[in-house]
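Engineer: quick one, structure for this:
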Amino acid sequence: MAASMTPDSEEEIRQHMARLKIEHSDLDLAIQALEETSMGNALPIQRMKKKKLALKDQIQQLENQLFPDIIA
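Structural biologist: Next up is the predicted model:
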């Protein structure tokens with residue numbers, strides 16, 4: 001945990017990260033369902049995959065706040 005992070009802010013980050021992970025998982029399921037039923041319309045799937053990648057980036061940023069790389 002970063003030195004300036006309070007327990008409240010750490011908990012807030014963890015809760016936000018949990019919500020993003022749920023949204024990421026939901027998007028993954030929706031993408032799979034669309035891929036199985038899609039009739040050649042790839043645009044919605046591409047948009048969902050782009051959003052899923054953005055969520056993954058946000059999750060990684062939050063993890064970096066909680067667990068910064070400290071080179072000793």
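Engineer: neighbouring contacts of stretch 18-25?
Structural biologist: Taking contacts as CB atoms under 8 Å, 6 or more residues apart in numbering, the residues outside stretch 18-25 that touch it are 52, 55, 56, 58, 59, 62. In this view, the C-beta of every residue, glycine as well, is placed from N, C-alpha and C.
Engineer: now render those residues as a markdown table, adding distance to residue 44 and secondary structure.
Structural biologist: Conversion of the contacts of stretch 18-25 to a markdown table gives the following (distance: CB to CB, whole Å; DSSP: H, G, I helix; E, B strand; the rest coil):
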| residue | distance to residue 44 | secondary structure |
| --- | --- | --- |
| 52 | 12 | helix |
| 55 | 16 | helix |
| 56 | 19 | helix |
| 58 | 21 | helix |
| 59 | 23 | helix |
| 62 | 27 | helix |
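Engineer: start to end distance for stretch 34-42?
Structural biologist: Across its full length, stretch 34-42 reaches 9 Å end to end, with CA to CA, to the nearest Å as the criterion.
Engineer: that stretch - what's its average pLDDT?
Structural biologist: Taken as a whole, stretch 34-42 carries a mean pLDDT of 83.
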